[in-house]
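Engineer: please work out how this folds:
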Amino acid sequence: KTNNEGGGLLKLENNTFVAFDEAIWCTTSGAYPWLATIGLEVDDMGFIKVEPTLQSKSDPRIFACGDCASMTHSPRPKAGVFAVRQGPFLDKNIRSVLLGEKLTEFWPQNKYLSIIGIGDESAVVIYNGLAIEGKWAWRWKCNIDEKWMAQYKEMVQEMHRVRDELYDSKLKELPRVLKKTDAVYSTRIRCGGCGSKVGNNSLKRVLETMKSEKKESSQF
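Structural biologist: Numbering: from 1, shown residues only. Predicted structure coming up:
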């Protein structure tokens, strides 16, 4: 670990220095500190421990998935593929709790695909310990991402249709918090895409720079 860096030197916690020409700073996901303050059981890194049903190990009324959750029953690295696959299980299990039905367990796959952009419209494909790089990988990544985002419009419309059908049948007897007139019922999914993880001002500056560079290059 290091406390800071500067002048081509890394200062370590034991106050020694390591010289370097170029540093590639790789970090892992970190849990928000408040997760450890709300009374739920967390792992050594501060992520909420969950059962295969995605319920908190210490409070079955609480569900957690994605990066904030720690799948102690089947540990995996923090990757979007697991969060995406957990989504349908989370949706089904919350409904099952409300309807008094049996919950479904989520068990992640052992092998999964990662495509990481490395700039200059290239990417690295990583699968089962193998890595291949190329511009074709970037085009593949873009194609996957675009198809994924295009699903949101159709998916949300389908979710609203199914929700209406459930409300008209099985959910009539539930508390008023789930009725159509309530805010919970009328809430819409709001997704800004992966770019929304970046602050709005920072993202806007970068996009404006890209537009400017593209305009200049088109003049030659």
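
Engineer: just to check, I116 is in contact with Y127?
Structural biologist: No. In this structure, I116 is not within contact of Y127 by Cβ atoms under 8 Å, at 11.8 Å. Just so you know, the C-beta spots here come from the backbone N, C-alpha and C atoms, and that holds for glycine as well.

Engineer: ignoring the adjacent residues along the chain, who's closest to A64?
Structural biologist: Leaving aside its sequence neighbours, A64 sits nearest to I48 (Cβ to Cβ, 6 or more residues apart in numbering; 4.3 Å).

Engineer: from A19, how far out is that neighbour?
Structural biologist: Noted for I48: a distance of 40 Å to A19, by Cβ to Cβ, to the nearest Å.

Engineer: kindly report the same for P88.
Structural biologist: Distance of P88 to A19, given as Cβ to Cβ: 50 Å.

Engineer: neighbour count for the two, which is higher?
Structural biologist: P88 (11 against 8; other Cβ atoms under 10 Å).

Engineer: what's downstream of whichever strand or helix holds that one, the next helix or strand?
Structural biologist: Assigning secondary structure by DSSP states H and E places P88 in helix 80-99. Moving toward the C-terminus from helix 80-99, the first helix or strand encountered (DSSP H and E) is strand 113-119.

Engineer: neighbouring contacts of that next one?
Structural biologist: Residues outside strand 113-119 that contact it (Cβ atoms under 8 Å, 6 or more residues apart in numbering) are 79, 81, 123-127, 133, 137-138, 140-141, 144.

Engineer: any idea which of those residues is least confident?
Structural biologist: For the contacts of strand 113-119, the least confident position by pLDDT is A79, scoring 80.

Engineer: correct me if wrong: that residue contacts P108.
Structural biologist: No. Applying Cβ under 8 Å, one finds A79 not in contact with P108, separated by 9.3 Å.

Engineer: pull the longest helix from this protein.
Structural biologist: Longest among the helix segments of the chain by residue count, using DSSP state H, is helix 135-168.

Engineer: tell me which other helices or strands it touches.
Structural biologist: Using 3 or more Cβ pairs under 8 Å, 6 or more residues apart in numbering; DSSP states H and E as the contact criterion, the neighbours of helix 135-168 among helices and strands are strand 113-119, strand 122-127.

Engineer: right, so these: which one is the most enclosed?
Structural biologist: Between the helices and strands packed on helix 135-168, the one whose residues have the most neighbours on average, counting mean count of other Cβ atoms under 10 Å, is strand 122-127 (a mean of 17).
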